[in-house]
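Trainee: have a look at this prediction, sequence included:
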Amino acid sequence: MPERIFCTIVTKNYLAYARTLAETLKEHHSESKLFVLLADRIEDYFEPELELFEVIRLEELPDQKAIEQMCFYYTPLELCCALRGLLHEYIIEHTTAENWVFLDCDIMVCHSLETLFETLSETSILLTPHSSVPLDVKDVDHELSILMHGLSNAGFLGLRRTEQTREFLNWWKDRLTYYSFLDSAIGDPRGLSLDQRWLNLVLLYFPDFKFVKHPGANIGHWNFYERKFERNAAGEIVVNQHPVLFLHFSGWDINNPEYVSKHSPLYREKDQSPWTELAKLYREKLLKNGYEETRQFPYTFATFSDRTPITQAMRRGYYEELKQGTAVAGSPFEQPEYFHSRKYSIHSTQFLQEEVQTAYQHLIHLQQDYHQLSLAFEQTQTTLEQTKVKLKDTQTVLLETQQNADTEQIRLRQIIEEMEKSIFWKMRTAWWKIKRRFGQADMNVLRKE
């Protein structure tokens, strides 16, 4: 069986998801290779050499100036989506694969994907539709969401090495470099929806495409209502009587694994189907792969070089200044004073909530820094007090020593005075007077006589 190439993009706080994707791919494609583009910096939080996948660093991509600008004006989610065209170009240039598949990191592979590669061998671009069965009009909000976010789900994309694929990637990459925003997040009526809505135009511009028909592919909240999970005669979990190829856990909560997704009003209750068994298995795999630790890893591009946070308003403001040719020169991450001096604003309730959350997080960091400084100050004060006590004790000892020395000196003088007054001392004095008077020679004569 040929080596199968897969790829995905993550920030490092989604590392457990990438590990789980790689693990489940290996379970069903032992010969597979997963490339993971890190839309972040490693910063010693993990060792790429120890992972089941091959890490592509941002520094390995072309046009680093544009990459740095994207890292600033896009949010983490927007950046991960904006880099997809560049990731596919990397696969073309650094592998010999005839076809390959992109999978979102929050996917669990449950079965061999050979059927998808077979379909991909007959087309340049392979997509999965968000939905293929119409809903009752009372659930029209679900369809409105599809109209807003795109006909296809970009969590899966299969590509084959053809001229049309290259044309598609050139076109898609250019759009994503500047227009991969999630406008709904800030109430922007322009209506951009990351990389996904651009895929609508594939149907018009690039005719060599196909939609995946297999009901077991890319199962998420967008098509869950179309899928029936049950066990077959062999006890295996199947969907619409077909193998479950892969599940896409978009909007799924690891702490409430029986709920399908927070993104759709269609699934407000716990699911009762065998899908929940797979969801619980996914939860176990994430936890085993370091979810609790890795989700705390910081996003490098969340702050300026001085650790002050970059707000959504600053990101959009910088983007607008780039378009107008008035953006500050040099790295935007190195110029917090410039951005803090600007009056950027976005009128959106959701954005304001994000701004409050960002300010709150910054306040927490400041409080933590203050707490650490307070502890250090208290420790310094304690050390200083201890030093003062030791110094006082030393001064007391020195004073006592001086007093003892003075007392001994007085006592010594008294002893000398008493000796000088004694008969012995008077005889000694008289002897020395005689010795000096007669000289040493005369004394020797006296001794002989």
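Mentor: Cool, got the structure. All values reported here derive from a predicted model rather than from experimental measurement. Numbering: from 1, shown residues only.

Trainee: over to Arg227: give its phi and psi.
Mentor: Per-residue torsions, Arg227: phi -110, psi 140 (degrees, to the nearest 10).

Trainee: tell me the pLDDT of it.
Mentor: Looking at Arg227, its pLDDT is 96.

Trainee: domain assignment for the protein?
Mentor: 4-295, 348-438 (the TED database).

Trainee: among those, which is nearest Gln324?
Mentor: Of all these, it is domain 4-295 that lies closest to Gln324, at 13.1 Å by CB to CB. For the C-beta atoms, the positions are set from N, CA and C on the backbone; glycine is no exception.

Trainee: report the separation between the two terminal residues of the closest one.
Mentor: Counting by CA to CA, to the nearest Å, you get 29 Å between the two ends of domain 4-295.

Trainee: before we move on, what about stretch 226-237?
Mentor: The first residue of stretch 226-237 is 16 Å away from its last residue (CA to CA).

Trainee: what do you get for stretch 129-144?
Mentor: Length of stretch 129-144, first residue to last, CA to CA: 15 Å.

Trainee: before we move on, what about stretch 87-102?
Mentor: Terminal-residue distance, stretch 87-102 (CA to CA): 9 Å.

Trainee: who's in contact with it?
Mentor: 3-9, 35, 37, 56, 60-61, 84, 113, 116-117, 120-121, 126, 156-161, 166, 169, 173 (CB atoms under 8 Å, 6 or more residues apart in numbering).

Trainee: just stretch 277-291 next, same as before
Mentor: For stretch 277-291, the external contacting residues (CB under 8 Å, 6+ apart) are 15-17, 19-20, 23-24, 108, 110, 237, 244, 247, 249, 252, 254, 257-258, 271.

Trainee: quick one: buried ones out of the residues you listed?
Mentor: Buried by 16 or more other CB atoms under 10 Å: 15-17, 19-20, 23-24, 108, 110, 237, 244, 247, 249, 252, 257, out of the contacts of stretch 277-291.

Trainee: restricted to strands, list those.
Mentor: Those of these mapping onto strands are Met108, Ile237, Leu247, per DSSP state E.

Trainee: which among those gets closest to Gln414?
Mentor: Distances from Gln414 to these, taken by CB to CB, are shortest for Met108, at 98.8 Å.

Trainee: any idea how far the closest one is from Ala327?
Mentor: Going from Met108 to Ala327 by CB to CB, to the nearest Å gives 41 Å.

Trainee: still on that earlier bit, got the ones in strands among the buried ones among the contacts of stretch 277-291 as JSON lines, with distance to Leu399 and pLDDT columns?
Mentor: Shown next, in JSON lines, are these (distance: CB to CB, whole Å; pLDDT from 0 to 100):
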{"residue": "Met108", "distance to Leu399": "78", "pLDDT": "98"}
{"residue": "Ile237", "distance to Leu399": "87", "pLDDT": "97"}
{"residue": "Leu247", "distance to Leu399": "82", "pLDDT": "98"}
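
Trainee: burial measure for Pro332, as a count.
Mentor: Residues near Pro332, counting by other CB atoms under 10 Å, number 23.

Trainee: and stretch 286-293, how far from the chain's centre?
Mentor: How far stretch 286-293 lies from its chain's middle: 14 Å, per CA atoms, centre = their mean, to the nearest Å.

Trainee: now it: mean pLDDT?
Mentor: Averaging pLDDT along stretch 286-293 yields 98.
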